[in-house]
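Novice: build me a structure from this.
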Amino acid sequence: ATKVLAMPGVEIVSRAYKVRGLVQGVGFRWWAEREGRRLGLRGTVRNCHDGSVEVAFAGQKEAVDKMYEHLQIGPSAAEVMDLEELPPPEQLPDDFRITF
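Specialist: Have a look, this model is predicted:
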């Protein structure tokens, strides 16, 4: 008899946030790109004209939750004041990258 091992379902979730505070000119995009890749997420990060940063990402739920925790703090030079949840994106790249 052949034994087949069933793989447990992996929950993939996507989220997007507008990050407000001192988040431009402090390496936030490069930091977010590095954190996203380290966590195995797909996504994008970009500066907005209003001084905020938009981050959109998808991956395993645990990694997405961890990225959310990291975004609340940001890199050492940043000062995150607010995270506004946005509608999740329809499409994301196969990696994590800075977009302009």
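Novice: only C-alpha atoms from now on, for both contacts and neighbour counts.
Specialist: Will do.
Novice: now stretch 15-28: how far from the chain's centre is it?
Specialist: Offset of stretch 15-28 from its chain centre (Cα atoms, centre = their mean, to the nearest Å): 11 Å.
Novice: buried stuff in it?
Specialist: For stretch 15-28, a neighbour-count test (16 or more other Cα atoms under 10 Å) marks 15-20, 22-24, 28 as buried.
Novice: can you list which of the residues you listed are found in strands?
Specialist: Counting by DSSP state E, the part of the buried residues of stretch 15-28 found in strands is 15-20, 22.
Novice: which one of the buried residues of stretch 15-28 is nearest M81?
Specialist: Of all the buried residues of stretch 15-28, M81 sits closest to R20, with 5.6 Å by Cα to Cα.
Novice: who's the closest one bridged to?
Specialist: Taking DSSP bridges as the rule, R20 bridges to D82.
Novice: so it sits against D50, correct?
Specialist: No. With contact defined as Cα atoms under 8 Å, R20 and D50 do not form a contacting pair (9.1 Å).
Novice: and D65, how far from Q24?
Specialist: For D65, the distance to Q24 (Cα to Cα, to the nearest Å) stands at 23 Å.
Novice: that should have said A58, apologies.
Specialist: 23 Å.
Novice: could you do H70 as well?
Specialist: 16 Å.
Novice: hmm, who's touching the longest helix anywhere in the chain?
Specialist: Scanning the chain for the longest helix, with DSSP state H as the assignment, gives helix 61-73. Contact with helix 61-73 is made by 11-15, 19, 32, 35-36, 39-41, 57-58, 79-80, 82-83, as judged by Cα atoms under 8 Å, 6 or more residues apart in numbering.
Novice: hmm, try it at 6 Å
Specialist: Under the criterion Cα atoms under 6 Å, 6 or more residues apart in numbering, residues 12-13, 39 lie in contact with helix 61-73.
Novice: out of those residues, which sit inside strands?
Specialist: Counted as lying in strands by DSSP E, out of those, are 12-13.
Novice: now restrict the contacts of helix 61-73 to buried residues only.
Specialist: L39.
Novice: could you list the low-pLDDT ranges of this protein?
Specialist: 1-9 (pLDDT under 70).
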